[in-house]
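Undergrad: Got a predicted structure here, sequence first:
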Amino acid sequence: MIACSCRVCTSADEKDKRLRSSILVQSSTTTIVVDTTPDFREQMLRINNKKLDAVLFTHPHKDHTAGLDDVRAYNFFSGKTMDVYANSLTEEALKREFAYAFSDKRYPGIPDINLITIDETPFVIGDIEIVPIVVWHYKMPVYAFRFGNFTYITDANRIEEKEKEKIKDSQVLVVNALRKEEHISHFTLQEAVNLVNELNVTQGYFTHISHQLGKHEEINKTLPSNIRLAYDGLKISI
Ligand SMILES: [Zn+2]
Ligand SMILES: [Zn+2]
Ligand SMILES: [Zn+2]
């Protein structure tokens, strides 16, 4: 966190250095990013990602959308419009916050975006099937996504029973665990552990971690053997 000198922010462990939460989902033919954070550019440069077929959005909060402008690099090298999948709530925010990208008058170099409205209906991008799952971020509906046996949930603190059914028996579940203390719109560490157990998931990883949680190594030691804190650069193969 900017201007913080706590023991996590000053830790020498690389795993305590976190950019904002996002994932890259890749098959042999298709590459998708979930959320374009303010760190999107740095995240793509860090892994030298040369191809991006689509962006999926979970919700309109700035820490998940602010990097959208930088898809223009992919527009430039592919010569194609970027498909961006979001619900109508997120679309409204994108049109407001990136108004220049959606105006009739297009000046050169702006991102070229094709908005595709999604609801709870499963859909396919390339050869990747995607099941949207509605989770609650206090009062805001947020989309989690299931890709085969892998489910990604960011920014949630409540999930309705019928949506939990869609997550059950995932091989891997990535879910937000902000800190130990209660929070109005994020799962705590214990709530996230309980969710992994309840949903009969083989392996859980926690993301969207605050510096308030504690150091990576120390927290990992307290977790059940099938749950680990995620970290920047973590790769999971399914
Ligand atoms: Zn700190
Ligand atoms: Zn949020
Ligand atoms: Zn967030």
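TA: Nice, thanks for sending it over. Ligands and ions are numbered 1, 2, ... in the order given.
Undergrad: Write out the residues of the chain neighbouring ligand 3.
TA: Residues of the chain found near ligand 3 (C-beta under 5 Å from the ion) are Asp63, Asp155. Every C-beta, even on glycine, is put in place using the N, C-alpha and C of the backbone.
Undergrad: what is the mean pLDDT for the longest strand along the chain?
TA: If you go by DSSP state E, the chain has its longest strand at strand 128-137. Strand 128-137 carries an average pLDDT of 98.
Undergrad: what pLDDT, on average, does the helix or strand just after that strand get?
TA: Per DSSP states H and E, strand 128-137 leads on to strand 140-147 as the next helix or strand towards the C-terminus. The pLDDT scores in strand 140-147 average 98.
Undergrad: by contact count, what packs against strand 140-147?
TA: Helices and strands touching strand 140-147, by 3 or more C-beta pairs under 8 Å, 6 or more residues apart in numbering; DSSP states H and E, are strand 128-137, strand 150-153, helix 161-167.
Undergrad: wait, does it contact ligand 2?
TA: No. Residues of strand 140-147 contacting ligand 2 under C-beta under 5 Å from the ion: none, with a closest distance of 6.9 Å.
Undergrad: rewinding a little: ok now the longest strand of the chain, how far from the chain's centre?
TA: A distance of 11 Å separates the centroid of the chain from that of strand 128-137, by C-alpha atoms, centre = their mean, to the nearest Å.
Undergrad: Quick check: buried residues in the helix or strand containing Arg72?
TA: According to DSSP H and E, Arg72 maps onto helix 72-78. Neighbour-count burial for helix 72-78, counted by 16 or more other C-beta atoms under 10 Å, picks out Arg72, Tyr74, Asn75.
Undergrad: swap in stretch 56-76?
TA: By 16+ other C-beta under 10 Å, the buried positions in stretch 56-76 come out as 56-61, 63-72, 74-75.
Undergrad: C-alpha coordinates for it, CSV please?
TA: Written as CSV, here are the backbone C-alpha positions of stretch 56-76 (Å, rounded to 0.1, in the frame of the first residue of the first chain):
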residue,chain,number,x,y,z
LEU,A,56,-14.0,-10.6,-18.8
PHE,A,57,-15.1,-8.2,-16.1
THR,A,58,-16.3,-9.2,-12.6
HIS,A,59,-17.6,-5.8,-11.5
PRO,A,60,-17.1,-2.1,-12.0
HIS,A,61,-14.8,-1.2,-9.1
LYS,A,62,-11.8,0.8,-10.2
ASP,A,63,-9.3,-1.7,-8.9
HIS,A,64,-10.7,-4.1,-11.5
THR,A,65,-11.3,-1.8,-14.5
ALA,A,66,-8.7,1.0,-14.5
GLY,A,67,-6.2,-0.7,-16.8
LEU,A,68,-8.7,-1.1,-19.8
ASP,A,69,-7.1,1.6,-21.9
ASP,A,70,-3.9,-0.5,-22.3
VAL,A,71,-5.7,-3.2,-24.4
ARG,A,72,-4.9,-0.8,-27.2
ALA,A,73,-1.5,-2.5,-27.5
TYR,A,74,-3.3,-5.7,-28.4
ASN,A,75,-5.5,-3.8,-30.9
PHE,A,76,-2.4,-2.4,-32.5
